[in-house]
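Enquirer: show me the folded form of this:
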Amino acid sequence: MSAEKNLSIAMLWFEAFNAHNLEKLLSLYDDEAQHYSPKLKIHHPETNGLVTGKEALRSWWKDSFDRLPSLHYKVTSLTSNADRVFMEYIRTVENEDNILVAEVLEIKETRIIASRVYHG
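Expert: From the prediction side, this is the model:
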């Protein structure tokens, strides 16, 4: 994959996420993709912050979108190479403080195979 193609996948990711379009978001992921998030660890401690597979991702994001209807990410920086995209963004939710977030998408053959979230 080229760095440019991976940037386009990241932009599609933000578009789908901010629209809360679960199916479009999931279509960017490999069937066995892994996702790690500190928020996942807080809300579902049994996962230790890590889920695997589209159904687990579906459940996590549906819960997030249902709990936080105003959830939105504002891109501040994207850096990519042939294997991954490093994304920096601001997480906004009505009546909550903004959170600075970094997330890495690992991409193989046009699909996200892993994502890791870091809060600042």
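Enquirer: low-scoring stretches of this structure, by residue?
Expert: Within the chain, the set of residues satisfying pLDDT under 70 comprises 1.
Enquirer: just the strands in it please.
Expert: Along the chain, counting by DSSP state E, strands occupy 29-36, 50-52, 72-80, 84-92, 99-108, 111-119.
Enquirer: show the contacting residues for the residue nearest to residue 49 when sequence neighbours are not counted.
Expert: Taking CB to CB, 6 or more residues apart in numbering as the measure, residue 49 lies nearest to residue 41, with 3.3 Å between them; neighbours along the chain are not counted. Where you see a C-beta, it was placed from the backbone N, CA and C, and this is true even at glycine. Taking CB atoms under 8 Å, 6 or more residues apart in numbering as the definition of contact, the neighbours of residue 41 are 47-49.
Enquirer: which of those are buried? Put it as a ChimeraX command.
Expert: One line in ChimeraX is enough to select the buried members of those, burial here meaning 16 or more other CB atoms under 10 Å:
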select :47,49
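Enquirer: quick check: the gap between the closest residue to residue 5 other than its chain neighbours and residue 43.
Expert: If you skip the residues right next to it in sequence, residue 5 has residue 110 as its closest partner in space, 7.4 Å away by CB to CB, 6+ apart. Relative to residue 43, residue 110 is positioned 30 Å away (CB to CB, to the nearest Å).
Enquirer: how close does residue 20 get to residue 72?
Expert: From residue 20 over to residue 72 the distance is 9 Å, taken as CB to CB.
Enquirer: if we can go back for a sec, could you export the strands of the chain as a markdown table, including mean neighbour count?
Expert: Rendered in a markdown table, the data for these read as follows (neighbours: other CB atoms under 10 Å):
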| stretch | mean neighbour count |
| --- | --- |
| strand 29-36 | 18 |
| strand 50-52 | 16 |
| strand 72-80 | 15 |
| strand 84-92 | 18 |
| strand 99-108 | 17 |
| strand 111-119 | 17 |
